[in-house]
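*Asks:* When you get a sec, could you give me coordinates for this:
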Amino acid sequence: MATYQRIVEAALEVLATRGWRHASVAEVAARAGVTRGAVQHHFKDRDGLFTASVQHIMDTRIHEIEALQHADYPDGERTRTIVHTIIELHQGTSFTAALQLCVAASDDPTLRSRVAAMELEVGARGFWALIELLRLDGNDPTVRTTVQAFLDSARGLGLAGMLNDDSRRRRLVADRWAAMLDELHTTNPDTRLRPNP
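*Replies:* Residues are numbered from 1 along each chain as shown. Predicted structure coming up:
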């Protein structure tokens, strides 16, 4: 498992820094400190290596979101802390690697179907994990639309953060999103904060 983890982390770094076109299995093996044969033992081909690596980091992100359910929050800071955490999960190497994969998939029909299915699955899991985390009513259309808009905004902020240091504006946008998501608890009595189980 340690070897697999090293390969995955190396693949994400290579994909993020070299881009899809120039990312190679040989470079991943070198960065991971393993042989090409070790990489091929875990992944059947280049596409499988990079797709599985992004899938792995997305799964990890979902687990990180779910783990927020058990965190302690200062009074009145629960939503704000969660929103800032979600937005920061869309920064850095893992987000850049996922974006590189999506761009590559837009030009490759075979890769597109694999990445689209992965995005659909992970997106749905993340969406419902966040609904649960914010203790909102997932049956309410306004709640669903607002939460999806927030997640789309987090992606957009991730893209902006790739181009320059956008941290100050990102914090301001996150604070506004936290306020809007908190308003969902007051505008609909069925979405009021529920205590942790």
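
*Asks:* What's the per-residue pLDDT of residue 168 here?
*Replies:* pLDDT, residue 168: 90.

*Asks:* report the longest helix in the protein, please.
*Replies:* helix 109-133 (DSSP state H).

*Asks:* what comes into contact with that one?
*Replies:* The contact list for helix 109-133, computed with C-beta atoms under 8 Å, 6 or more residues apart in numbering, reads 47, 51, 54-55, 58-59, 61-62, 65-66, 68-69, 82, 86, 101-102, 104-106, 138, 143-144, 147-148, 150-151. For the C-beta atoms, the positions are set from N, CA and C on the backbone; glycine is no exception.

*Asks:* For ChimeraX, what selects the buried ones among those residues?
*Replies:* Per 16 or more other C-beta atoms under 10 Å, the buried members of those correspond to this ChimeraX selection:
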select :47,51,54,55,58,61,62,65,68,82,86,101,102,104,105,143,144,147,150,151
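
*Asks:* Just the ones of the contacts of helix 109-133 in helices?
*Replies:* Those of the contacts of helix 109-133 lying in helices (DSSP H): 47, 51, 54-55, 58-59, 61-62, 65-66, 82, 86, 101-102, 104-106, 143-144, 147-148, 150-151.

*Asks:* And the helix or strand harbouring residue 177, how far out from the chain middle?
*Replies:* Following DSSP states H and E, one finds residue 177 within helix 167-187. Helix 167-187 has its C-alpha centroid displaced from the chain centroid by 19 Å (C-alpha atoms, centre = their mean, to the nearest Å).

*Asks:* Could you tell me the angle between that helix and helix 109-133?
*Replies:* For helix 167-187 against helix 109-133, the angle by axes from the mean of the first three to the mean of the last three C-alpha atoms, to 10 degrees is 60 degrees.

*Asks:* May I see the buried residues of helix 167-187?
*Replies:* Buried residues in helix 167-187, counting neighbours by 16+ other C-beta under 10 Å, are found at 170, 173, 174, 177, 178, 181, 182, 184, 185.

*Asks:* show me where pLDDT drops low in the chain?
*Replies:* Confidence mapping of the chain against pLDDT under 70 gives the ranges 187-197.
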